[in-house]
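K.L.:
need a structure here:
(one chain, ligands or ions: 2)
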Amino acid sequence: MEDIQDTNSVQIQWEQICSKLKTEVGDTAFNSWLRPLEPASIEEGKVNLKVPTRFMRNWVVTHYSDRIRALWNKYNPDVEDINFIVQPIQKEVGSLRGIIRSFEKVPTPKPDTESFAVRDASVNGASALDWASDSLGKDSISAPLDPRYTFENFVVGKPNEFAYAAAKRVAESKKVSFNPLFLYSGVGLGKTHLMHAIAWEIRRKDPSRTVVYLSAEKFMYKFVRAIRYKDTMAFKEQFRSVDVLMVDDVQFICGKDQTQEEFFHTFNSLIEDGRQIIISADKSPADLDGIESRLKSRLSCGLVADIHPTNFELRLGILEAKAEQLEVKVPEKVLEFLAHKIATNVRELEGALKRVVAHSQLLGGREINLEMTQDVLRDMLRSYDKRITIDDIQKKVSEHFNISPKEMHSDRRARSVARPRQIAMYLAKQLTNRSLPEIGRKFERDHTTVMHAVRKIEELLVQDSSMAEDVELLRRMLEN
Ligand code: ADP
Ligand code: MG
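P.N.:
Residues are numbered from 1 along each chain as shown. Ligands and ions are numbered 1, 2, ... in the order given. You can find the predicted model right below:
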């Protein structure tokens, strides 16, 4: 009898507290996190609340336990503590992991196969499963992988060898090695390529491991949708079951506080469970603006590897490899020309080569030579020239290094002016269509000095990452 009364009163108290909580946290959070809780008993000033999963328990403890305790204590001063007990509900989502795996094994999932796998597994009729599979079925959490983005197809050179080695290590080791692996670079330099390569390699080695790759944008979209459809639980459970999580272009969640919060918790619980995380961004963790500092420090606590801007040698290597893949003969002179002219990023470089090849094929296999290449890419090359003049470069570089623009032409050889001058020459070669003698004249030097400067800076870009950052920054300022 006493028992029943006790259960009744704890139930009534909980209902009172719930109505308060609901107004405080809002319907969405309430429905996701607090509604599933069930009061069990009160013993010696301690309330026992049942929670369906361990994951949910962690979440509720970090986010709501203090508030629940305070409210309860106000309502019933005998209550001093809240105890959360994990007690699985019947409609467990235990087989979710199996579901994810079942379509993770399909190399490039197509929408049909995905929903098939999910439908198969949800035959059990469990509603929790339906609700979980719902968000999986409509669009899988992992984006498809590009079959061309493999380690074999990745050309390694000085600017990317470190990132490549780190990616290889993560893909090959059975144990979690660096966690997280954080890759960063400017656009089009191979971050996505390396992430897909890791995913392919892990799947090849052990198809039973669940690898999820998605963009931060997609992560956010899914999270916002989960909130809208009130199934944040299912959202979380999906991520909890992965062995390797890759989130691409994480700068996208800068300033998006709620998504960041969610990301932070997903991130922490996976790391605590010993799962591998791989992140990419366009900046180092420290330089990501609009990201909370605790997340920044979490992001940098594994291995941070950057991909430097390409150098001539790497660009040439990539062009050679791509020409071979396209099974076309492209004269070395043309490849060299492209490698010199298109220094922005690999994506544009590839685009230029493809344009030249397509052009020749459309014209019934017209021979590829320097003249036709210049012809085909005239617009592209002109837009480089139009945008940037040597005067602009000299001005920006001298501003950046705080020297007088006159120093660009002066005879002074002190390192503090000679280095910026060399950088300006290098950028003039990279970003304009001017020949070496033309560039030389603008600096009142001859062409061999310019050539020497270009080589010197190319060398330094690889050895000195702060110099590489300066140059990259200047390049971006000039291009925008
Ligand atoms: P990011 O994600 O850094 O913006 P991507 O990985 O999308 O860059 O790379 C852009 C394009 O350049 C892709 O087609 C990719 O295959 C190619 N690419 C980049 N780096 C290399 C490389 N080292 N070897 C071969 N291809 C590369
Ligand atoms: Mg990318």
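
K.L.:
Asn433 sits in which helix or strand?
P.N.:
Applying DSSP states H and E as the criterion places Asn433 outside every helix and strand.

K.L.:
List phi and psi for it.
P.N.:
phi -90, psi 10 (degrees, to the nearest 10).

K.L.:
what's the spacing between it and ligand 2?
P.N.:
28 Å (CB to the ion, to the nearest Å). Backbone N, C-alpha and C define where each C-beta goes, glycine included.

K.L.:
what's the neighbour count on Glu458?
P.N.:
By the criterion of other CB atoms under 10 Å, Glu458 has 20 neighbours.

K.L.:
cool, and Gly157?
P.N.:
Gly157 has 18 nearby residues by other CB under 10 Å.

K.L.:
which residues touch it?
P.N.:
By CB atoms under 8 Å, 6 or more residues apart in numbering, Gly157 lies in contact with 310-311, 313-314, 317.

K.L.:
10 Å - rerun?
P.N.:
Gly157 makes contacts with 164, 308, 310-318, 462, as judged by CB atoms under 10 Å, 6 or more residues apart in numbering.

K.L.:
And Phe312, by the same measure?
P.N.:
Counted by CB under 10 Å, 6+ apart, Phe312 has contacts 157, 336, 339-340, 343, 429-430, 454-455, 458.

K.L.:
Which one of those residues is nearest to ligand 1?
P.N.:
Gly157 (7.1 Å; CB to the nearest ligand atom).

K.L.:
Which helix or strand contains the residue nearest to the closest one when sequence neighbours are not counted?
P.N.:
Nearest residue to Gly157, sequence neighbours excluded (CB to CB, 6 or more residues apart in numbering): Leu314, at 3.3 Å. Using DSSP H and E, Leu314 maps to helix 312-325.

K.L.:
Please indicate which of the contacts of Phe312 has the highest neighbour count?
P.N.:
Neighbour-wise, the contacts of Phe312 (other CB under 10 Å) top out at Lys429, 25 neighbours.

K.L.:
Who are the contact partners of the spatially closest residue to that residue that is not a sequence neighbour?
P.N.:
The shortest distance from Lys429 to any non-neighbouring residue, by CB to CB, 6+ apart, is to Val454 (5.0 Å). Val454 makes contact with 312, 340, 422, 425-430, 436, 439 under the criterion CB under 10 Å, 6+ apart.

K.L.:
restrict those residues to those near ligand 2?
P.N.:
Counting by CB under 5 Å from the ion, nothing from the contacts of Val454 sits close to ligand 2.

K.L.:
Widest-spaced pair of these?
P.N.:
His340 and Gln422 (17.4 Å; CB to CB).

K.L.:
on that earlier part again, spatially, which two of the contacts of Phe312 are the most separated?
P.N.:
Gly157 and Lys429 (18.6 Å).

K.L.:
hang on, the earlier thing: check which helices and strands the helix or strand following the helix holding Leu314 is in contact with.
P.N.:
Using DSSP H and E, the helix or strand that follows helix 312-325 towards the C-terminus is helix 332-341. Applying 3 or more CB pairs under 10 Å, 6 or more residues apart in numbering; DSSP states H and E, one finds that helix 332-341 makes contact with helix 312-325, helix 346-362, helix 370-376, helix 378-387, helix 415-431.

K.L.:
Pull out the buried positions in helix 332-341.
P.N.:
By neighbour count on 16 or more other CB atoms under 10 Å, the buried set for helix 332-341 is 334-335, 337-339, 341.

K.L.:
Once you drop chain neighbours, what's closest to Val397?
P.N.:
Val397 sits nearest to Ala424 (CB to CB, 6+ apart), 4.2 Å away.

K.L.:
separation between the one you found and ligand 1?
P.N.:
26 Å (CB to the nearest ligand atom, to the nearest Å).

K.L.:
Now do the same contact list for that residue.
P.N.:
390, 393-398, 400-401, 407-408, 439, 442-443, 453, 457, 474.

K.L.:
And for Glu43, the neighbour number?
P.N.:
Counted with other CB under 10 Å, Glu43 comes out at 10.

K.L.:
Could you measure from it over to Asn83?
P.N.:
9 Å (CB to CB, to the nearest Å).

K.L.:
Quick check: buried residues in the helix or strand containing Arg69?
P.N.:
Element membership for Arg69 (DSSP H and E) is helix 54-75. Neighbour counts over helix 54-75 (16+ other CB under 10 Å) mark 55-60, 63-65, 67-68, 71-73 as buried.

K.L.:
and that helix, what does it pack onto?
P.N.:
Right, helix 54-75 is packed against helix 2-25, strand 46-51, strand 81-86, helix 232-240, helix 257-272 by 3+ CB pairs under 10 Å, 6+ apart.

K.L.:
hmm, try it at 6 Å
P.N.:
Other elements packing on helix 54-75 under the criterion 3 or more CB pairs under 6 Å, 6 or more residues apart in numbering; DSSP states H and E are helix 2-25, strand 81-86.

K.L.:
buried stuff in the first one?
P.N.:
Within helix 2-25, the residues that qualify as buried are 10, 13-14, 17-18, 21, 25, counting by 16+ other CB under 10 Å.

K.L.:
what does the shortest one give?
P.N.:
By neighbour count, and taking 16+ other CB under 10 Å as the criterion, the buried residues in strand 81-86 are 82, 84.

K.L.:
ok, back up a step: gap between the residue nearest to Gly157 and Pro159?
P.N.:
Taking CB to CB, one finds Leu314 at 6 Å from Pro159.

K.L.:
Return the residues of this protein in contact with ligand 1.
P.N.:
149, 153-155, 160, 185, 187-193, 318, 346-347, 350 (CB under 6 Å from any ligand atom).

K.L.:
and the residues you listed near ligand 2, which?
P.N.:
191-192.

K.L.:
which of the residues of the chain next to ligand 1 count as buried?
P.N.:
Buried among the residues of the chain next to ligand 1 by 16+ other CB under 10 Å: 149, 153-155, 160, 185, 188-193, 318, 346, 350.

K.L.:
lowest average confidence, helix or strand, in this protein?
P.N.:
helix 111-121 (a mean of 27; mean pLDDT, DSSP states H and E).

K.L.:
mind exporting stretch 271-283 as PDB, just the C-alpha atoms?
P.N.:
Backbone C-alpha positions of stretch 271-283 (Å, rounded to 0.1, in the frame of the first residue of the first chain) are rendered in PDB as follows:
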ATOM      1  CA  ILE A 271      36.000  10.100 -28.400                       C
ATOM      2  CA  GLU A 272      35.300   8.800 -25.000                       C
ATOM      3  CA  ASP A 273      34.100   5.600 -26.600                       C
ATOM      4  CA  GLY A 274      37.400   5.300 -28.400                       C
ATOM      5  CA  ARG A 275      36.000   5.900 -31.900                       C
ATOM      6  CA  GLN A 276      38.100   7.600 -34.600                       C
ATOM      7  CA  ILE A 277      37.200  11.100 -35.600                       C
ATOM      8  CA  ILE A 278      38.500  13.000 -38.700                       C
ATOM      9  CA  ILE A 279      37.800  16.600 -39.300                       C
ATOM     10  CA  SER A 280      38.600  19.000 -42.000                       C
ATOM     11  CA  ALA A 281      38.400  22.800 -42.200                       C
ATOM     12  CA  ASP A 282      39.800  25.700 -44.200                       C
ATOM     13  CA  LYS A 283      41.800  26.900 -41.200                       C
END
